[in-house]
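**Student:** Following is a predicted model, sequence given first.
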Amino acid sequence: MVRKALLTGLCFLLAACTVATPTPILTVTSRPTSTAIPHLAASNYVALPTPTSAHSPVSPPTPTPSPEEVLSRGQEVRRFHVCLESTAFTRPPEEVQAKKVWENPRYALSEVRDPATKKSLLSPWTHNFLMYYGGTTIEQDMLNLSGLWSGSVKWNCDYTWRQRALGTCVREPRTEIWAEVWVFFHRVVEIKHLGTHYVVVVEPARVGFQAIDFQRPGPVSLTLTFVTPDGQVLDRIVEGETPGTRAIGRCDEGQ
């Protein structure tokens, strides 16, 4: 029984297994994948990814420039895609989210005792800026836990390309690795970077959601600072340190 529970949890984390008894709750457009919340026993719960990575970055850490320095001296990211979008999204009432998602056996929020695990589960609900690293199961969890299940999401990018472009490590001859940022209740207007330090300029919006994909400068972890057009810092994500993010590097042998 213990071994079966461990295998079920591992399947969830690797997004490689099918879990029976789906309960559809998400409405999307142009995506030929299941949108159900599979049922798992509470004991089989595996939190959203907050993994530690053994991958070593290609370049050593650099001093953190200020957002003002990045915006004045940085290079503009001209090539980015709005891969997912909803122009009318608002989060459902908490009681609706609780009934549809948090009380679902897959998450069973009321039964989670570990504070870090509970924080990880609630992060997509309480934060407006998130990172996504690929994987259908993890994407489904982020859609559910953020409340996006309650609205209609438009897919603008080829799903197969997107899943191949995202990731946490690269091996030759693959030379491109992309990042994806989920942005709630803001619209991205500009992205600039100095090396691995990025500033994402966003305009506040009453409703809406965007998933922005852009090419990384290499297989390296990024620091992303989100600011308003007048320079107000809204949030900062340091990959590999911020909960729910991963360190990026080259693949170890066998990965």
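**Tutor:** In hand now; what should we look at? Numbering: from 1, shown residues only.
**Student:** and Lys100, how many neighbours?
**Tutor:** When neighbours are defined as other CB atoms under 10 Å, Lys100 has 18 of them. Any C-beta I mention is one placed from the backbone N, CA and C, and that applies to glycine too.
**Student:** what does Val199 give?
**Tutor:** 26.
**Student:** so it is in which element?
**Tutor:** strand 197-215 (DSSP states H and E).
**Student:** do the same with Glu190
**Tutor:** Going by DSSP H and E, Glu190 is in strand 178-194.
**Student:** Which elements pack onto that strand?
**Tutor:** helix 67-73, strand 75-76, strand 80-86, strand 129-132, helix 136-146, strand 197-215, strand 223-227 (3 or more CB pairs under 8 Å, 6 or more residues apart in numbering; DSSP states H and E).
**Student:** Next, the angle from it to strand 197-215.
**Tutor:** Relative orientation of strand 178-194 versus strand 197-215 (axes from the mean of the first three to the mean of the last three CA atoms, to 10 degrees): 140 degrees.
**Student:** Any buried residues in strand 178-194, and which?
**Tutor:** Across strand 178-194, burial judged by 16 or more other CB atoms under 10 Å covers 178-188, 190-194.
**Student:** returning to what we had before: between the helices and strands packed on strand 178-194, which gets nearest to Leu122?
**Tutor:** helix 136-146 (7.7 Å; CB to CB).
**Student:** roughly how far out does the helix or strand following the closest one sit from the chain middle?
**Tutor:** Where DSSP H and E defines the elements, the next helix or strand beyond helix 136-146 is strand 152-155. Taking CA atoms, centre = their mean, to the nearest Å, one finds the center of strand 152-155 at 16 Å from the center of the full chain.
**Student:** Show me the shaky parts of the stretch 51-200 of the chain.
**Tutor:** Within the stretch 51-200 of the chain, the stretches with pLDDT under 70 are 51-63, 170-175.
**Student:** and with 50 instead?
**Tutor:** Along the stretch 51-200 of the chain, segments meeting pLDDT under 50 span 51-56.
**Student:** Before I go, just wanted to say thanks for your time.
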